[in-house]
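Chemist: how would this look folded up:
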Amino acid sequence: DVQLQASGGGLVQAGGSLRLSCAASGFTFDDYAIGWFRQAPGKEPEGVSCTHSGDGSTFYADSVKGRFTISSDIGKNTVYLQMNSLKPEDTAVYLCAARLRSSSEWTAWGQGTQVTVSS
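Modeler: Below you'll find the predicted structure:
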């Protein structure tokens with residue numbers, strides 16, 4: 001049973017940093033891509049970043065390139081999202097998700113963690 005647990009959200013001032021964690025269980029880490037998504041009130045969900053731990057490949061949305069860094073700790077089955085230079089527009093509920101590397105469908109979702117950036 002694939003399970004994901006997101007944590008690390010909070011309230012931070014603009015320009016500050018937060019690190020989100022997504023702890024995964026119930027599947028072989030190397031077989032999956034792990035992604036971070038966010039949804040702000042009244043807006044469509046947005047893909048933020050994803051990684052394939054097996055080959056180390058990463059993807060970033062243009063809106064976070066150069067500010068956010070995704071990384072994996074395979075031993076801990078955990079994916080991190082280091083968020084620097086945060087902006088008020090980064091305020092959202094952040095969720096992590098998993099999909100088989102061979103698939104385009106995100107099939108497992110963790111609960112969200114709130115990130116609030118004050119100006």
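Chemist: which residue lies farthest from the center of this protein?
Modeler: In the chain, the greatest distance from the average C-alpha position (CA atoms, centre = their mean) is reached by residue 119, at 22.6 Å.
Chemist: Show the pLDDT at the residue lying closest to that residue once chain neighbours are set aside.
Modeler: Spatial nearest neighbour of residue 119, excluding adjacent residues (CB to CB, 6 or more residues apart in numbering): residue 88 at 4.7 Å. All C-beta atoms are positioned from the backbone trio N, CA, C, and that covers glycine. We have a pLDDT of 97 for residue 88.
Chemist: Surely residue 88 is in contact with residue 16?
Modeler: No - under the criterion of CB atoms under 8 Å, residue 88 makes no contact with residue 16, lying 11.2 Å away.
Chemist: Just want to know which of the two has more residues nearby.
Modeler: Between residue 88 and residue 16, counted using other CB atoms under 10 Å, residue 16 has the larger neighbour count: 14 against 11.
Chemist: can you pull out the strands in this protein?
Modeler: Taking DSSP state E, the strands of the chain run over residues 3-7, 10-13, 18-25, 32-39, 46-52, 57-60, 68-73, 78-83, 92-100, 108-109, 113-118.
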